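> Model the following, please.
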Amino acid sequence: MAVSRVSATEAAAALIARLQSVHGPLLFHQSGGCCDGSAPMCYPQGDFQVGEQDVYLGDICGCPFYIGKAQFEYWRHTHLIIDAVPGRGSGFSLESPEGMRFLTRSRLYTEAEEAELAALGEPPTGDVVVEP
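From the prediction side, this is the model:
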């Protein structure tokens, strides 16, 4: 199995499924620290404009996950683990009314994972077409 740059916990997957049932296809963007700290933000696909300075990390639960390029440079040696915990989410993120919030946890890649990622090359930037 190929190394991934982002994954979701069971709690996050359950919250994502609930949000998908209400809002349809979703998109995540890892915030860079403005307004809502560094929380992962969840939007209906099409409500957040992905730009050339956004790095596509992969999918979680069928949802594309992006991070700003400058933020990616800080986190490039870590696997992001998206979790969901009780609390007030961002006013802009879909989970806010659910009494839950998404939270980013991380772990450093192993040397083997680092080598695999280096062989894969840089992740794409800009809007990536994700096949279902």
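> Am I right that Q49 falls within a strand?
No. Under DSSP: H, G, I helix; E, B strand; the rest coil, Q49 sits outside any strand and is assigned coil.
> what's the distance between it and S38?
Distance, Q49 to S38, using Cβ to Cβ, to the nearest Å: 20 Å. For the C-beta atoms, the positions are set from N, CA and C on the backbone; glycine is no exception.
> Same check on G91?
16 Å.
> helices and strands of this structure: which one has the lowest mean pLDDT?
helix 69-75 (a mean of 91; mean pLDDT, DSSP states H and E).
> centroid residue for this protein?
With distances taken as Cα atoms, centre = their mean, F65 lies nearest the centre of the chain, 3.8 Å away.
> about what we covered before: for Q49 and S38, indicate the residue with more neighbours.
For Q49 versus S38, neighbours defined as other Cβ atoms under 10 Å are more numerous around S38 (15 against 9).
> Wait, the more buried one touches R105, no?
No. The criterion here is Cβ atoms under 8 Å, and S38 misses it with R105 at 11.6 Å.
> tally of neighbours for the closest residue to V50 other than its chain neighbours?
In space, not counting the residues next to it along the chain, V50 is nearest to D127; the distance is 4.4 Å by Cβ to Cβ, 6 or more residues apart in numbering. Neighbours of D127 under the rule other Cβ under 10 Å: 15.
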